[in-house]
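1. predicted model, plus sequence, below.
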Amino acid sequence: MSDVTDTGAKPGGEVDDDAEVPAVGGIVAELRHMSAEERARHEAEVAEVVAPDREIEVGVGDTLLAMRDVTLRFGGLVALDSVSFEIKRGEILGLIGPNGAGKTTCFNVITGVYRPTAGQVLLEGHPLGRRKRYAITQLGIARTFQNIRLFNEMTALENVVVGADARHRTSVLGALVRGPRHHREERQAVERAMALLEFVGIADRAADKAKNLPYGYQRRLEIARALATEPKLLCLDEPAAGFNPAEKEGLMELIRTIRDDGYTVLLIEHDMRLVMGVTDRIVVLEFGKKIAAGLPAEIRENPAVIAAYLGVPDDGVA
(Lines give C-alpha, C1' and ligand atoms only; values in the text may rest on other atoms or scores of the structure.)
Protein backbone atom coordinates (compact mmCIF):
# COMPACT_ATOMS: atom_id res chain seq x y z
CA MET A 1 0.00 0.00 0.00
CA SER A 2 1.21 3.53 -0.69
CA ASP A 3 2.04 5.73 2.27
CA VAL A 4 0.19 8.90 3.16
CA THR A 5 2.72 11.71 2.95
CA ASP A 6 2.68 15.46 3.60
CA THR A 7 2.52 17.00 0.13
CA GLY A 8 0.63 20.16 1.11
CA ALA A 9 -1.72 19.69 -1.86
CA LYS A 10 -5.47 19.23 -1.64
CA PRO A 11 -7.38 17.04 -4.13
CA GLY A 12 -8.95 20.18 -5.59
CA GLY A 13 -5.55 21.67 -6.34
CA GLU A 14 -5.47 24.12 -3.41
CA VAL A 15 -2.50 24.22 -1.09
CA ASP A 16 -2.68 23.69 2.66
CA ASP A 17 0.63 23.62 4.47
CA ASP A 18 -0.83 21.66 7.36
CA ALA A 19 -2.69 19.06 5.28
CA GLU A 20 -1.70 15.46 4.83
CA VAL A 21 -2.95 13.90 1.60
CA PRO A 22 -2.13 10.81 -0.40
CA ALA A 23 1.18 11.15 -2.22
CA VAL A 24 0.93 12.47 -5.77
CA GLY A 25 2.46 9.24 -7.00
CA GLY A 26 0.24 7.15 -4.71
CA ILE A 27 -2.52 4.61 -5.25
CA VAL A 28 -4.82 6.68 -7.48
CA ALA A 29 -2.05 7.83 -9.81
CA GLU A 30 -0.63 4.31 -9.98
CA LEU A 31 -4.00 2.82 -10.95
CA ARG A 32 -4.40 5.25 -13.84
CA HIS A 33 -1.23 3.98 -15.45
CA MET A 34 -1.80 0.25 -14.91
CA SER A 35 -2.72 -2.10 -17.70
CA ALA A 36 -5.93 -4.12 -17.33
CA GLU A 37 -3.88 -7.14 -16.28
CA GLU A 38 -1.84 -5.16 -13.75
CA ARG A 39 -4.96 -3.57 -12.31
CA ALA A 40 -6.72 -6.93 -11.94
CA ARG A 41 -3.68 -8.32 -10.15
CA HIS A 42 -3.52 -5.26 -7.88
CA GLU A 43 -7.24 -5.46 -7.06
CA ALA A 44 -6.81 -9.14 -6.17
CA GLU A 45 -4.00 -8.22 -3.79
CA VAL A 46 -6.16 -5.55 -2.16
CA ALA A 47 -9.07 -8.00 -1.82
CA GLU A 48 -6.74 -10.47 -0.11
CA VAL A 49 -5.67 -7.85 2.44
CA VAL A 50 -9.28 -6.81 3.05
CA ALA A 51 -10.69 -10.35 3.33
CA PRO A 52 -11.69 -11.25 6.91
CA ASP A 53 -9.00 -13.09 8.84
CA ARG A 54 -11.28 -14.63 11.44
CA GLU A 55 -12.20 -18.11 12.49
CA ILE A 56 -15.90 -18.74 11.87
CA GLU A 57 -17.51 -21.79 13.43
CA VAL A 58 -20.08 -22.40 10.68
CA GLY A 59 -19.45 -23.26 7.04
CA VAL A 60 -20.61 -21.34 3.99
CA GLY A 61 -24.36 -21.87 3.58
CA ASP A 62 -24.90 -22.76 7.24
CA THR A 63 -26.74 -20.52 9.70
CA LEU A 64 -24.50 -17.70 10.89
CA LEU A 65 -27.07 -15.66 12.82
CA ALA A 66 -30.59 -16.58 13.91
CA MET A 67 -33.45 -14.54 15.32
CA ARG A 68 -35.61 -16.88 17.41
CA ASP A 69 -39.12 -15.59 18.24
CA VAL A 70 -37.77 -12.14 19.10
CA THR A 71 -40.30 -9.79 20.66
CA LEU A 72 -39.51 -6.22 21.69
CA ARG A 73 -41.98 -4.06 23.58
CA PHE A 74 -41.76 -0.40 24.51
CA GLY A 75 -44.47 -0.12 27.13
CA GLY A 76 -47.68 -0.98 25.29
CA LEU A 77 -46.06 -0.73 21.85
CA VAL A 78 -44.94 -4.00 20.26
CA ALA A 79 -42.04 -3.07 17.96
CA LEU A 80 -41.16 -6.68 17.08
CA ASP A 81 -43.65 -9.51 17.41
CA SER A 82 -42.15 -13.04 17.55
CA VAL A 83 -39.80 -12.40 14.63
CA SER A 84 -37.75 -15.38 13.44
CA PHE A 85 -35.35 -15.65 10.52
CA GLU A 86 -31.87 -16.91 9.74
CA ILE A 87 -28.88 -15.46 7.92
CA LYS A 88 -26.69 -17.96 6.10
CA ARG A 89 -22.94 -17.50 5.98
CA GLY A 90 -21.86 -16.05 2.62
CA GLU A 91 -25.21 -14.58 1.55
CA ILE A 92 -26.68 -11.12 1.16
CA LEU A 93 -30.01 -11.10 3.02
CA GLY A 94 -32.39 -8.22 2.43
CA LEU A 95 -34.65 -7.00 5.24
CA ILE A 96 -37.46 -4.89 3.82
CA GLY A 97 -40.84 -3.46 4.75
CA PRO A 98 -42.79 -0.19 4.85
CA ASN A 99 -41.75 2.64 7.16
CA GLY A 100 -42.26 1.61 10.78
CA ALA A 101 -42.12 -2.11 9.96
CA GLY A 102 -39.37 -2.78 12.51
CA LYS A 103 -36.34 -3.14 10.24
CA THR A 104 -33.96 -0.83 12.09
CA THR A 105 -35.33 -2.16 15.38
CA CYS A 106 -34.13 -5.61 14.25
CA PHE A 107 -30.68 -4.15 13.62
CA ASN A 108 -30.72 -2.56 17.06
CA VAL A 109 -31.59 -5.87 18.71
CA ILE A 110 -28.91 -7.74 16.75
CA THR A 111 -26.22 -5.17 17.62
CA GLY A 112 -27.13 -4.83 21.30
CA VAL A 113 -28.74 -1.38 21.27
CA TYR A 114 -31.97 -2.99 22.52
CA ARG A 115 -32.42 -6.19 24.48
CA PRO A 116 -35.39 -8.30 23.39
CA THR A 117 -38.35 -8.62 25.73
CA ALA A 118 -38.62 -12.27 24.69
CA GLY A 119 -36.80 -14.63 22.36
CA GLN A 120 -33.11 -14.55 21.55
CA VAL A 121 -30.47 -13.80 18.94
CA LEU A 122 -27.85 -16.45 18.27
CA LEU A 123 -24.51 -15.97 16.53
CA GLU A 124 -23.03 -19.27 15.34
CA GLY A 125 -25.47 -21.02 17.65
CA HIS A 126 -24.47 -19.04 20.75
CA PRO A 127 -26.93 -16.61 22.38
CA LEU A 128 -25.79 -13.00 22.42
CA GLY A 129 -27.57 -12.62 25.75
CA ARG A 130 -27.08 -9.30 27.53
CA ARG A 131 -23.72 -8.42 26.04
CA LYS A 132 -22.85 -4.77 25.56
CA ARG A 133 -22.50 -3.27 22.10
CA TYR A 134 -18.70 -3.24 22.06
CA ALA A 135 -18.65 -6.93 23.04
CA ILE A 136 -21.03 -7.78 20.19
CA THR A 137 -18.76 -5.91 17.79
CA GLN A 138 -15.81 -7.94 19.05
CA LEU A 139 -17.81 -11.14 18.52
CA GLY A 140 -18.16 -10.21 14.86
CA ILE A 141 -21.23 -8.05 14.14
CA ALA A 142 -20.72 -4.59 12.64
CA ARG A 143 -23.18 -2.07 11.27
CA THR A 144 -23.67 1.22 9.49
CA PHE A 145 -26.48 3.68 10.24
CA GLN A 146 -29.34 5.40 8.42
CA ASN A 147 -27.86 8.72 9.50
CA ILE A 148 -24.11 8.69 8.88
CA ARG A 149 -22.07 8.54 12.09
CA LEU A 150 -18.44 9.40 11.50
CA PHE A 151 -15.74 11.17 13.50
CA ASN A 152 -16.04 14.37 11.49
CA GLU A 153 -12.79 15.97 12.66
CA MET A 154 -10.76 12.84 11.91
CA THR A 155 -9.43 11.99 8.48
CA ALA A 156 -10.94 9.17 6.45
CA LEU A 157 -7.89 7.05 7.24
CA GLU A 158 -8.17 7.74 10.97
CA ASN A 159 -11.87 6.81 10.96
CA VAL A 160 -11.05 3.38 9.54
CA VAL A 161 -8.11 2.88 11.90
CA VAL A 162 -10.53 3.43 14.81
CA GLY A 163 -12.61 0.53 13.48
CA ALA A 164 -9.53 -1.71 13.41
CA ASP A 165 -9.04 -1.08 17.13
CA ALA A 166 -11.80 -3.62 17.86
CA ARG A 167 -9.38 -6.39 16.88
CA HIS A 168 -6.34 -5.09 18.78
CA ARG A 169 -4.93 -7.14 21.66
CA THR A 170 -2.63 -4.53 23.19
CA SER A 171 -3.39 -3.83 26.84
CA VAL A 172 -3.97 -0.32 28.16
CA LEU A 173 -0.52 -0.39 29.75
CA GLY A 174 1.03 -1.62 26.49
CA ALA A 175 -0.58 1.27 24.61
CA LEU A 176 0.59 3.80 27.22
CA VAL A 177 4.21 2.67 27.07
CA ARG A 178 3.92 2.12 23.29
CA GLY A 179 5.43 -1.35 23.40
CA PRO A 180 6.40 -3.49 20.38
CA ARG A 181 2.94 -5.07 20.04
CA HIS A 182 1.30 -1.64 20.07
CA HIS A 183 3.61 -0.38 17.31
CA ARG A 184 3.03 -3.54 15.26
CA GLU A 185 -0.75 -3.36 15.58
CA GLU A 186 -0.73 0.35 14.84
CA ARG A 187 1.26 -0.17 11.64
CA GLN A 188 -0.93 -3.08 10.55
CA ALA A 189 -4.08 -1.03 11.25
CA VAL A 190 -2.88 1.81 9.00
CA GLU A 191 -1.96 -0.60 6.20
CA ARG A 192 -5.30 -2.38 6.43
CA ALA A 193 -7.19 0.92 6.64
CA MET A 194 -5.55 2.13 3.43
CA ALA A 195 -6.44 -1.16 1.75
CA LEU A 196 -10.06 -0.79 2.88
CA LEU A 197 -10.28 2.78 1.59
CA GLU A 198 -9.06 1.56 -1.78
CA PHE A 199 -11.44 -1.41 -1.62
CA VAL A 200 -14.47 0.89 -1.22
CA GLY A 201 -13.13 3.33 -3.80
CA ILE A 202 -12.15 6.41 -1.77
CA ALA A 203 -8.39 6.01 -1.26
CA ASP A 204 -7.81 9.35 -3.02
CA ARG A 205 -9.40 11.14 -0.03
CA ALA A 206 -7.61 9.23 2.75
CA ALA A 207 -6.20 12.37 4.38
CA ASP A 208 -9.34 14.51 4.09
CA LYS A 209 -11.41 15.10 7.19
CA ALA A 210 -14.61 13.07 7.15
CA LYS A 211 -16.74 16.21 7.27
CA ASN A 212 -15.17 17.44 4.02
CA LEU A 213 -15.94 14.30 2.02
CA PRO A 214 -18.80 14.18 -0.50
CA TYR A 215 -21.91 12.48 0.80
CA GLY A 216 -21.38 9.32 -1.25
CA TYR A 217 -17.80 9.05 0.03
CA GLN A 218 -19.03 9.38 3.60
CA ARG A 219 -21.36 6.45 3.05
CA ARG A 220 -18.50 4.36 1.68
CA LEU A 221 -16.23 5.46 4.52
CA GLU A 222 -18.74 4.20 7.07
CA ILE A 223 -18.75 0.83 5.30
CA ALA A 224 -14.94 0.74 5.32
CA ARG A 225 -14.87 1.49 9.05
CA ALA A 226 -17.34 -1.32 9.73
CA LEU A 227 -15.25 -3.73 7.63
CA ALA A 228 -12.17 -2.75 9.64
CA THR A 229 -13.62 -4.67 12.60
CA GLU A 230 -13.45 -7.84 10.45
CA PRO A 231 -17.10 -8.69 11.03
CA LYS A 232 -18.62 -12.10 10.55
CA LEU A 233 -21.84 -10.23 9.74
CA LEU A 234 -21.99 -6.76 8.17
CA CYS A 235 -25.30 -4.96 8.73
CA LEU A 236 -25.98 -2.11 6.28
CA ASP A 237 -28.85 0.20 7.24
CA GLU A 238 -30.14 2.00 4.13
CA PRO A 239 -26.68 2.54 2.59
CA ALA A 240 -28.19 3.95 -0.63
CA ALA A 241 -30.19 6.70 1.09
CA GLY A 242 -29.69 9.94 -0.82
CA PHE A 243 -27.88 8.29 -3.74
CA ASN A 244 -28.55 9.01 -7.40
CA PRO A 245 -29.03 6.08 -9.84
CA ALA A 246 -25.35 5.95 -10.83
CA GLU A 247 -24.26 5.90 -7.19
CA LYS A 248 -26.73 3.11 -6.46
CA GLU A 249 -25.26 1.03 -9.28
CA GLY A 250 -21.80 1.53 -7.80
CA LEU A 251 -23.07 0.58 -4.35
CA MET A 252 -24.64 -2.63 -5.68
CA GLU A 253 -21.30 -3.57 -7.20
CA LEU A 254 -19.52 -2.82 -3.92
CA ILE A 255 -21.95 -4.92 -1.85
CA ARG A 256 -21.48 -7.87 -4.21
CA THR A 257 -17.71 -7.45 -3.98
CA ILE A 258 -17.89 -7.40 -0.17
CA ARG A 259 -19.81 -10.68 -0.21
CA ASP A 260 -17.43 -12.20 -2.75
CA ASP A 261 -14.52 -11.27 -0.48
CA GLY A 262 -15.87 -13.52 2.28
CA TYR A 263 -18.31 -11.40 4.24
CA THR A 264 -21.97 -12.04 5.05
CA VAL A 265 -24.30 -9.06 4.60
CA LEU A 266 -27.64 -8.08 6.12
CA LEU A 267 -29.15 -5.19 4.15
CA ILE A 268 -31.99 -2.80 4.94
CA GLU A 269 -32.97 -0.77 1.91
CA HIS A 270 -36.08 0.95 0.54
CA ASP A 271 -34.97 0.96 -3.09
CA MET A 272 -36.59 -2.21 -4.41
CA ARG A 273 -34.55 -2.21 -7.60
CA LEU A 274 -31.37 -2.31 -5.53
CA VAL A 275 -32.73 -4.95 -3.17
CA MET A 276 -33.95 -7.20 -5.97
CA GLY A 277 -30.68 -6.76 -7.84
CA VAL A 278 -28.23 -7.55 -5.07
CA THR A 279 -29.79 -9.88 -2.47
CA ASP A 280 -29.84 -13.67 -2.38
CA ARG A 281 -32.90 -13.89 -0.10
CA ILE A 282 -35.34 -11.40 1.39
CA VAL A 283 -37.27 -11.19 4.66
CA VAL A 284 -40.27 -8.85 4.81
CA LEU A 285 -41.60 -7.16 7.95
CA GLU A 286 -44.83 -5.27 8.49
CA PHE A 287 -45.89 -3.72 11.82
CA GLY A 288 -43.17 -5.68 13.61
CA LYS A 289 -44.18 -9.06 12.19
CA LYS A 290 -42.53 -11.19 9.53
CA ILE A 291 -45.00 -11.56 6.67
CA ALA A 292 -42.82 -13.23 4.04
CA ALA A 293 -39.40 -14.72 3.30
CA GLY A 294 -37.90 -16.16 0.15
CA LEU A 295 -35.99 -15.53 -3.05
CA PRO A 296 -36.29 -12.07 -4.67
CA ALA A 297 -38.48 -13.44 -7.47
CA GLU A 298 -40.83 -15.03 -4.91
CA ILE A 299 -41.04 -11.84 -2.83
CA ARG A 300 -41.77 -9.73 -5.91
CA GLU A 301 -44.89 -11.79 -6.62
CA ASN A 302 -46.02 -12.34 -3.00
CA PRO A 303 -49.56 -10.95 -2.49
CA ALA A 304 -48.92 -10.10 1.18
CA VAL A 305 -45.83 -8.08 0.25
CA ILE A 306 -47.69 -6.29 -2.53
CA ALA A 307 -50.48 -5.46 -0.09
CA ALA A 308 -48.02 -4.16 2.51
CA TYR A 309 -46.40 -1.79 0.03
CA LEU A 310 -49.45 -0.77 -2.00
CA GLY A 311 -52.04 -0.67 0.78
CA VAL A 312 -54.33 -3.36 -0.65
CA PRO A 313 -57.00 -4.26 1.95
CA ASP A 314 -56.43 -7.57 3.75
CA ASP A 315 -59.64 -9.07 2.38
CA GLY A 316 -58.33 -8.34 -1.11
CA VAL A 317 -55.25 -10.53 -0.63
CA ALA A 318 -55.56 -14.05 -1.94
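-> Perfect, thanks for sending it.
2. what about Ala40, neighbour count?
-> 11 (other CB atoms under 10 Å). (Glycine included, C-beta is placed from N, CA and C.)
3. wasn't it part of a strand?
-> No - per DSSP: H, G, I helix; E, B strand; the rest coil, Ala40 lies outside any strand segment and is helix.
4. quick check: the gap between it and Arg192.
-> Relative to Arg192, Ala40 is positioned 21 Å away (criterion: CB to CB, to the nearest Å).
5. what does Leu274 give?
-> 28 Å.
6. show me where the chain has its helices.
-> Ranges of helices in the chain, per DSSP state H, are 27-32, 36-50, 103-110, 133-139, 156-164, 172-177, 180-199, 215-227, 245-260, 272-278, 296-300, 303-310.
7. dump these to CSV, plus mean pLDDT and distance to Val284.
-> Formatted as CSV, the helices of the chain follow (pLDDT from 0 to 100; distance: least, CB to CB, whole Å):
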stretch, mean pLDDT, distance to Val284
helix 27-32, 56, 40
helix 36-50, 71, 31
helix 103-110, 95, 10
helix 133-139, 92, 25
helix 156-164, 91, 31
helix 172-177, 48, 45
helix 180-199, 77, 31
helix 215-227, 95, 24
helix 245-260, 95, 19
helix 272-278, 93, 10
helix 296-300, 94, 6
helix 303-310, 86, 5
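8. and of those, who's closest to Val60?
-> helix 245-260 (10.9 Å; CB to CB).
9. tell me the buried residues in the closest one?
-> Glu247, Lys248, Gly250, Leu251, Met252, Leu254, Ile255, Thr257, Ile258, Arg259 (16 or more other CB atoms under 10 Å).
10. picking that back up, could the helices of the chain be laid out in JSON lines, adding distance to Cys235?
-> Rendered in JSON lines, the data for those read as follows (distance: least, CB to CB, whole Å):
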{"stretch": "helix 27-32", "distance to Cys235": "28"}
{"stretch": "helix 36-50", "distance to Cys235": "18"}
{"stretch": "helix 103-110", "distance to Cys235": "5"}
{"stretch": "helix 133-139", "distance to Cys235": "11"}
{"stretch": "helix 156-164", "distance to Cys235": "14"}
{"stretch": "helix 172-177", "distance to Cys235": "29"}
{"stretch": "helix 180-199", "distance to Cys235": "17"}
{"stretch": "helix 215-227", "distance to Cys235": "8"}
{"stretch": "helix 245-260", "distance to Cys235": "12"}
{"stretch": "helix 272-278", "distance to Cys235": "15"}
{"stretch": "helix 296-300", "distance to Cys235": "19"}
{"stretch": "helix 303-310", "distance to Cys235": "22"}
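11. what sits closest to Ala118 if chain neighbours are left out?
-> Thr71 (4.2 Å; CB to CB, 6 or more residues apart in numbering).
12. what sits against Ile96?
-> Lys103, Ile268, Glu269, His270, Met272, Val275, Ile282, Val283, Val284, Leu285, Ile299 (CB atoms under 8 Å, 6 or more residues apart in numbering).
13. let's go with 7 Å and repeat that
-> Glu269, Val275, Ile282, Val284 (CB atoms under 7 Å, 6 or more residues apart in numbering).
14. do Asn99 as well
-> Contacts of Asn99 by CB under 7 Å, 6+ apart: none found.
15. need the pLDDT of it.
-> pLDDT, Asn99: 89.
16. how much space between it and Arg41?
-> 45 Å.
17. give me the pLDDT for Ala9.
-> Looking at Ala9, its pLDDT stands at 35.
18. swap in Asp17?
-> For Asp17, pLDDT reads 37.
19. next one: Ala206
-> So, for Ala206, pLDDT stands at 92.
20. doesn't Leu196 make contact with Leu227?
-> Yes - using CB atoms under 7 Å, Leu227 makes contact with Leu196 at a distance of 5.6 Å.
21. Met154: how many residues sit nearby?
-> For Met154, using other CB under 10 Å, the count is 15.
22. just list whatever residues bridge to Leu72.
-> Judged by DSSP bridges, the bridge partners of Leu72 are Leu80.
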